[in-house]
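**Student:** okay, structure incoming, though there's no sequence with it:
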Ligand code: NAP
């Protein structure tokens, strides 16, 4: 039987991308259905390429429902929601959208660091609520320039964060599982030692089970009452209960978080914590970067349809 569709698109990547894909290929769009692609078992039989997003993910059950699948093109850079083990077992290639979002995620890490240290979000509320006039002088904050920056996960985004530190005349050290040969920064083999050394610790490593609660109570305590923790990676990397307890007890100075353990979150437990700046997981969310990410998904799809090769496959060594 001839395949009715070449591509299944399980998540919308914006009207421009969705229309462009549908205009060039036989695309089954499934995000309108409450059961997603599982609502169309017959139509999936000949599908060779799946398009998804890191937020929507791609599960083993989805791989199993697509017997002819050869490639998954995902929008976003994390692959904690993509079942790479199932992909490897099925010899299905998976691409993400690396590099094009590094600058924006790094910019947001610095925005959160500056906001937590200099209390810009609190100051904004202070002025708008008329407290400047009522209460006068705003409380003193924490100096940023010249301090020590620790980076957990000196990958593409971690490196972009570290590069920006030179403008703040900061020394940078990092912790990965393995030191980077060409990195111009000091390596700390122990995350606790990095936290003891650093004034600010920015989390930029991968998410998923291998890094769950890597930033635990010991790391948070090592960062200390003047220290600031920034997380732009995944909420799962930080033990959020330990973080909140440390902030309440004054064992940690502050935090800037783009990601939380439960998303989307009402995050009421942070409401009374003025020393924390929060953002709703928007590291890459600028018009320019989101367009570049959609373009890279498109380029991967076209490359695969023409040559059977993806442009930005997930690295083999990251595949379990
Ligand atoms: P990457 O280039 O693959 O870098 C990941 C880094 O994590 C590597 O340096 C790796 O070094 C380190 N790492 C992995 N496992 C580790 C462990 N157990 N302990 C210590 N370090 C570990 O990835 P990237 O492109 O920079 O992206 C990093 C993460 O940022 C993504 O996985 C994603 O979760 C997150 N992200 C968030 C947003 C947002 O909107 N907030 C946007 C994009 C990405 P070793 O392999 O040597 O350990």
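**Tutor:** Now that the structure is in, tell me what you want to look at. Computed from a predicted structure; not experimentally measured.
**Student:** helices along the stretch 101-250 of the chain, start to end?
**Tutor:** With DSSP state H, counting those that start in this stretch, the ranges of helices along the stretch 101-250 of the chain come out as 102-118, 120-128, 131-135, 156-164, 191-197, 217-223, 240-249.
**Student:** name the nearest residue to residue 107, sequence neighbours excluded.
**Tutor:** Distances taken as C-beta to C-beta, 6 or more residues apart in numbering put residue 164 closest to residue 107, at 7.8 Å, once the chain neighbours are dropped. Where you see a C-beta, it was placed from the backbone N, CA and C, and this is true even at glycine.
**Student:** wait, I meant residue 38
**Tutor:** In space, residue 38 is closest to residue 65, 6.3 Å off (C-beta to C-beta, 6+ apart).
**Student:** neighbours of the residue in the stretch 201-320 of the chain positioned nearest to the ligand, how many?
**Tutor:** Closest contact between the stretch 201-320 of the chain and the ligand, by C-beta to the nearest ligand atom, is at residue 283 (2.5 Å). Residues lying near residue 283 (other C-beta atoms under 10 Å) number 24.
**Student:** circling back: and the ligand, which of the helices of the stretch 101-250 of the chain is closest to it?
**Tutor:** Of all those, helix 156-164 comes closest under C-beta to the nearest ligand atom, at 3.4 Å.
**Student:** summarise which helices and strands that closest one is packed against.
**Tutor:** Secondary-structure packing of helix 156-164 (3 or more C-beta pairs under 8 Å, 6 or more residues apart in numbering; DSSP states H and E): helix 102-118, strand 148-152, strand 171-175.
**Student:** what about 10 Å?
**Tutor:** helix 102-118, strand 148-152, strand 171-175, strand 200-203 (3 or more C-beta pairs under 10 Å, 6 or more residues apart in numbering; DSSP states H and E).
**Student:** format those as a markdown table; extra columns: mean neighbour count, distance to the ligand and mean pLDDT.
**Tutor:** Putting those into a markdown table (neighbours: other C-beta atoms under 10 Å; distance: least, C-beta to the nearest ligand atom, whole Å; pLDDT from 0 to 100) gives the following:
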| stretch | mean neighbour count | distance to the ligand | mean pLDDT |
| --- | --- | --- | --- |
| helix 102-118 | 22 | 5 | 98 |
| strand 148-152 | 26 | 6 | 99 |
| strand 171-175 | 22 | 6 | 98 |
| strand 200-203 | 28 | 9 | 99 |
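**Student:** which one of the ones you listed lies nearest to residue 141?
**Tutor:** helix 102-118 (4.8 Å; C-beta to C-beta).
**Student:** if we can go back for a sec, please report how far the residue nearest to residue 107 lies from residue 108.
**Tutor:** As for residue 164, its distance to residue 108 is 11 Å (criterion: C-beta to C-beta, to the nearest Å).
**Student:** quick one: name the residues of the protein near the ligand.
**Tutor:** 77-78, 98, 101, 105, 153-158, 175-178, 204-207, 210-211, 214, 232-234, 258-259, 281, 283-284 (C-beta under 6 Å from any ligand atom).
**Student:** nearest residue to residue 214 other than its sequence neighbours?
**Tutor:** According to C-beta to C-beta, 6+ apart, the nearest residue to residue 214 is residue 237 (5.3 Å).
**Student:** I'd like the helices and strands packed on helix 156-164 as CSV, with distance to residue 184 appended.
**Tutor:** Listed next are the helices and strands packed on helix 156-164 as CSV, based on distance: least, C-beta to C-beta, whole Å:
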stretch, distance to residue 184
helix 102-118, 16
strand 148-152, 12
strand 171-175, 8
strand 200-203, 17
